[in-house]
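Trainee: Next come a sequence and a model predicted from it.
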Amino acid sequence: MTGEAGIENGSEWKKFVRKHWNIVAIFVVTGILALVGAIYVYLWFVGNAQSTGLVPSTLGLWTMGNIVTFILHVIFWELIFIGVPAIIVAVAGWQWWKRLPDEEKKEHNLFGKRSKSSRAGGAISPLLFIAFAIKVYVDGNWNVAISSWTLNYVAGSMITILIWIVAIAAIPATIGIIWWIRYEMNKKP
């Protein structure tokens, strides 16, 4: 059953793409240009970051301040040169989609029942990096070369961060458990 629905849905997409091949081609070319542009902007920024002295050219001399500054500047320039034009193209595509007749959207049955998937965990790594940056700042190692850090310092920092996470999660969990126990105790049989 599922295989047949997938084939039918796939053929509907094929019909739709054949009918609107020109706009699909424009979006494919735009996506490729955005990807190539993002790589070019990144390489341009890396070259300029080193030549302007924003970051040291030797990785062993980088500090946590250099890393954070580098990341924030890369995000800024990528948003300016690639993100803003991509948003404009996405809005134009959305406007084109809105102008399609409802009959055509229904005729092709492009959007069947969506499956519920639970994908999570993408935010954990950035949050751990932010917590590590805070720990380095609190320790006074913000402008100390990373190559001078010891393995014991990094491992100890990770343990400290895990303790922070447990403490932060334990407070609302404790409040919830206490509330639930009081609620259950006050129930009348």
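Mentor: Thanks, I have it. Numbers count the residues shown, from 1 in each chain.
Trainee: pLDDT on the top helix by length along the chain, on average?
Mentor: Using DSSP state H to define each element, the chain has its longest helix at helix 151-186. Predicted confidence along helix 151-186 averages 92 (mean pLDDT).
Trainee: Show me what that helix is packed against.
Mentor: Helices and strands touching helix 151-186, as assessed by 3 or more C-beta pairs under 8 Å, 6 or more residues apart in numbering; DSSP states H and E, comprise helix 124-139. From N, CA and C alone the C-beta is placed, and that goes for glycine too.
Trainee: Helices of this protein, residue ranges please.
Mentor: Taking DSSP H as the criterion, the chain contains helices spanning 2-19, 21-51, 64-78, 84-99, 102-108, 124-139, 151-186.
Trainee: among those helices, which is nearest residue 145?
Mentor: The stretch from these with the least distance to residue 145 (C-beta to C-beta) is helix 64-78; that distance is 9.2 Å.
Trainee: That closest one to helix 84-99, inter-axis angle?
Mentor: Here the directions of helix 64-78 and helix 84-99 differ by 40 degrees (axes from the mean of the first three to the mean of the last three C-alpha atoms, to 10 degrees).
Trainee: Need the residues that contact helix 64-78.
Mentor: By C-beta atoms under 8 Å, 6 or more residues apart in numbering, the surrounding residues in contact with helix 64-78 are 38, 41-42, 45, 49, 54-56, 133, 136-137, 141-144, 146.
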